[in-house]
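Student: curious how this folds, go ahead:
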Amino acid sequence: MTGLWLLLALAFPACAGELSVEPDRKQLYEGEVLTVTVKGTMELDINLSNLFEFDLSQLPAPDIEKVEPDFEILARNQQYSIRTVNSQMIGEITWTYQLAPTRTGELTIPELTFRDATSKPVTIDVISGSGPDQGPEVRDSFVELSADKAEVYVQEQLTLTVRLFFSGNLIRGELSEPEHPHAIIESLGKQQEYTRYRDGVRYRVVERRYAVFPQRTGELDLPPIRFEGQARTQEGKLRFLRDSEEFFAVPVKPVPDEFTGDTWLPASDLSLAESGLPPTLEVDLGENLTRRITLKASDLPSEALPPLPEDTPPGIRAYPDQPQRSTQMTPEGLTSTLEQTIALVPVRAGEMTLPEVRIAWWDTDTDSQQVAVIPARTLSVTDTGAAAVPPSPEPPADDSGTTGMATGPEPGTSQEATVSIWAWVSLALVIAWAATAAGWWRSRKNGQGSNRPPASHEVDSNERALFDELIIAARKGSAETPHYLIRWMQHRHPDRLFQTAGDVVKFLGDDTLAAELERLQADLFAGKGKAESGLAERKALVRALEKIRRGKARTTREDGLRPLYPDNLSP
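Tutor: Predicted coordinates:
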């Protein structure tokens, strides 16, 4: 019914009323929001003749736009009521505005008009900063910014702390994030919430921390941090909260001339560590090692850490994994880790030196260059497998009735084979191909007379030494086992060309050998090496090889003639 009377009053002429402007306070701090209540009254003149011609869009309002540009209008609301005074019906309209001062000093809300009524101007004092010496008023909310350093190097971490203070029960709030086109900014974990007294007033505080990494020299100017929200006071009133704070310009220095490293690493701490090598640095030939190098830095993202060197001496084979990077967020800043894992397999006996690892970095606490070092490590590689190899089983008796015994390599043979391992690794395929091609050419030139088998003592000596080397590698579970298998089979079948262990398996057609070789490769890939879990499989591999050796060497053709073009040697 009240709305009906008010619509009637507004739709038709009425007597002149009053207009008042009432701010909730006349002194406030920069960034706070002022609540202004404007009230207009008038006598109601009821006339029903034109009731249905009323247009709601024609409702009048004070010319509040006059407060701009000294104030920004954030929100507006209006209410209607009717009261009776001396038998007269008085209509009252209340407008509530949320105004944000745009500058400090004395600001004036000018005269406002509503119909024939005019308000009086009101002066508002906007104070810059805060403190009890600046007036009795306290701030509803404000933003504080602080940093751990007054200046930084380029790409050095600057820890920025943003604190929002507010009173009352916060209903809604938006606090902006720092941003800059030439800086990397990372949030340092979740925001913290607590209470704190400031100038005798109890505030609720929201604290956020950020790691800022400027990418250009000069000055770092961050945009202001802004807050807008709504809170309900203890009296139940809804108040708008608003504030902004601009961070001071931070000088960003270039890389100092004293720095001699390859990668610029400004950090408060940086360290290198390694694990996986035996304490005595004594290893067996063919033993599998897993070396792990860890680079850890404070106040740097993991993406900034340089790759670790992977240099190894020629007598050691290296199989590096993909480097693993991780970054941990803490309230103090970033802690990053780079971990490099490398599988090492010694393939030559003797002294093998792993070179030192050096990482130069800049200590931001002492403002000086530091170097993290892993010293060189010299491994003593010994071939202990030859003496541990038991004699091979007795082969069948030959035509003369004597029984041969497979013994270890002749004196000096094992050492010579060990010294030549690396050369065989790099040149085996080339030598095998050349030997096969030369044999084929001689057979073409000299006829079948050249097919005379070598003397029995030559066969026994060379073939036995090659087979013993193969057995040593197989018992160790060495990655060189396929290489020794190819050498031995090439000697037994000089008219063939074996380039891979797969060629040998295909030629022999031995399913057991194929299965054991696949199991050996799987163990090496899984990093078992000399683990107990692989002993049974290696024994099975040795038995399969010994069985093949006891069998008669296969010939390529039944008539004993070599093919015109051996396998893999097409015209």
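Student: ok, which stretches of this structure are helices?
Tutor: Secondary structure of the chain (DSSP state H): helices at 2-11, 413-419, 421-446, 456-476, 481-492, 501-508, 511-526, 535-550.
Student: and those, which one is worst for confidence?
Tutor: Out of the helices of the chain, helix 413-419 stands lowest, with a mean of 41 (criterion: mean pLDDT).
Student: show me the chain divided up by domain.
Tutor: Residue ranges for the domains of the chain, per automatic domain parsing: 2-134, 141-253, 266-382, 413-550.
Student: surely Gly218 and Lys253 touch.
Tutor: No: contact criterion CB atoms under 8 Å: Gly218 and Lys253 do not qualify, at 9.5 Å. C-beta coordinates here come from the backbone N, C-alpha and C atoms, glycine included.
Student: which residues does the residue nearest the centre of the chain contact?
Tutor: Closest to where the C-alpha atoms of the chain average out (CA atoms, centre = their mean) is Ser326, at 4.8 Å. Listed by CB atoms under 8 Å, 6 or more residues apart in numbering, the contact partners of Ser326 are 302, 336-337, 339.
Student: I'd guessed Ala318 sits against Glu310; true?
Tutor: Yes: under the criterion of CB under 8 Å, Ala318 makes contact with Glu310 at 6.1 Å.
Student: residues shared between the contacts of the two?
Tutor: Common neighbours of Ala318 and Glu310, using CB under 8 Å, 6+ apart, are Ile342.
Student: show me where the stretch 201-350 of the chain has strands.
Tutor: Counting by DSSP state E, counting those that start in this stretch, the stretch 201-350 of the chain has strands at residues 201-214, 218-220, 225-232, 238-245, 250-253, 266-267, 269-275, 282-284, 289-298, 316-320, 324-330, 333-346, 350-354.
Student: least reliable of those strands going by mean pLDDT?
Tutor: Minimum mean pLDDT among the strands of the stretch 201-350 of the chain: strand 238-245, a mean of 81.
Student: who does it touch, helix- and strand-wise?
Tutor: Counting by 3 or more CB pairs under 8 Å, 6 or more residues apart in numbering; DSSP states H and E, the packing neighbours recorded for strand 238-245 are strand 71-85, strand 88-101, strand 141-147, strand 169-175, strand 225-232.
Student: between strand 141-147 and it, find me the angle.
Tutor: 20 degrees (axes from the mean of the first three to the mean of the last three CA atoms, to 10 degrees).
Student: quick check: buried residues in strand 238-245?
Tutor: For strand 238-245, the neighbour count (16 or more other CB atoms under 10 Å) marks 239-245 as buried.
Student: please enumerate residues in contact with that strand?
Tutor: 30-33, 35, 74-75, 98, 100, 139-145, 166, 168, 170-171, 173, 224-233.
Student: quick check: angle from it to strand 225-232?
Tutor: Using the same axes, to 10 degrees: strand 238-245 against strand 225-232 is 170 degrees.
Student: strand 238-245 pairs with which strands?
Tutor: Applying DSSP bridges, strand 238-245 is found paired with strand 225-232 (antiparallel).
Student: so which bits of the partner strand are buried?
Tutor: 225, 227-231.
Student: repeat for stretch 191-201
Tutor: Buried residues in stretch 191-201 (16+ other CB under 10 Å): Arg198.
Student: and that stretch, C-alpha only, in PDB?
Tutor: Once non-C-alpha atoms are left out, stretch 191-201 reads as follows in PDB (Å, rounded to 0.1, in the frame of the first residue of the first chain):
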ATOM      1  CA  GLN A 191      47.500 -17.000   2.000                       C
ATOM      2  CA  GLN A 192      47.800 -16.700   5.800                       C
ATOM      3  CA  GLU A 193      45.000 -15.200   7.900                       C
ATOM      4  CA  TYR A 194      45.400 -13.800  11.400                       C
ATOM      5  CA  THR A 195      44.500 -10.800  13.600                       C
ATOM      6  CA  ARG A 196      46.700  -7.900  14.600                       C
ATOM      7  CA  TYR A 197      46.300  -4.700  16.500                       C
ATOM      8  CA  ARG A 198      47.200  -1.400  14.700                       C
ATOM      9  CA  ASP A 199      46.800   1.900  16.600                       C
ATOM     10  CA  GLY A 200      44.700   0.200  19.200                       C
ATOM     11  CA  VAL A 201      42.300  -1.200  16.600                       C
END
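Student: give me the distance from it to the chain's centre.
Tutor: 35 Å (CA atoms, centre = their mean, to the nearest Å).
Student: how about stretch 102-122?
Tutor: 57 Å.
Student: for that stretch, buried residues please.
Tutor: Neighbour counts using 16+ other CB under 10 Å place 107, 109, 112, 114-115, 117, 119, 122 of stretch 102-122 among the buried residues.
Student: which of those residues fall within strands?
Tutor: Among the buried residues of stretch 102-122, the members found in strands (DSSP state E) are 107, 109, 114, 117, 122.
Student: what's the closest of those to Thr294?
Tutor: Comparing these against Thr294 with CB to CB places Leu107 closest, at 60.9 Å.
Student: wait, the closest one touches Phe71, no?
Tutor: Yes: using CB under 8 Å, Leu107 makes contact with Phe71 at a distance of 6.9 Å.
Student: so what sits against both of those two?
Tutor: In contact with both Leu107 and Phe71: Pro101, using CB under 8 Å, 6+ apart.
Student: rewinding a little: what's the least confident stretch among the helices and strands packed on strand 238-245?
Tutor: Among these, strand 71-85 scores lowest, at a mean of 76.
Student: paired strands for that strand, with orientation please.
Tutor: If you go by DSSP bridges, strand 71-85 pairs up with strand 88-101 (antiparallel).
Student: mind listing what's buried in the partner strand?
Tutor: Neighbour counts using 16+ other CB under 10 Å place 89-93, 95-101 of strand 88-101 among the buried residues.
Student: rewinding a little: between the ones in strands among the buried residues of stretch 102-122, which is closest to Pro278?
Tutor: Nearest to Pro278 among these: Leu107, at 78.9 Å, using CB to CB.
Student: give the contact list for the closest one.
Tutor: The contact partners of Leu107, by CB under 8 Å, 6+ apart, come to 70-71, 101, 123-126.
Student: how about a cut-off of 7 Å?
Tutor: Leu107 sits next to 70-71, 101, 124, 126 when contact means CB atoms under 7 Å, 6 or more residues apart in numbering.
Student: now Glu207: how far from Phe227?
Tutor: Look at Glu207 and Phe227: by CB to CB, to the nearest Å, they are 13 Å apart.
Student: swap that for Arg377, please
Tutor: 57 Å.
Student: once you drop chain neighbours, what's closest to Arg196?
Tutor: Val205 (5.1 Å; CB to CB, 6 or more residues apart in numbering).
Student: what pairs with that neighbour across the strands?
Tutor: For Val205, the beta-bridge partners under DSSP bridges are Phe165, Tyr194.
Student: pretty sure it sits against Phe165.
Tutor: Yes: at 5.6 Å, Val205 and Phe165 qualify as touching, with contact defined as CB atoms under 7 Å.
Student: so which of the two has more stuff around it?
Tutor: Neighbour comparison, Val205 and Phe165: the larger count goes to Phe165, with 22 against 16 (by other CB atoms under 10 Å).
Student: my guess is the more buried one contacts Arg202. True?
Tutor: No: counting by CB under 7 Å, Phe165 does not reach Arg202; the two are 10.1 Å apart.
Student: name whatever forms a beta bridge with Val21.
Tutor: Residues in beta-bridge contact with Val21 (DSSP bridges): Val38.
Student: right, I'll leave it there.
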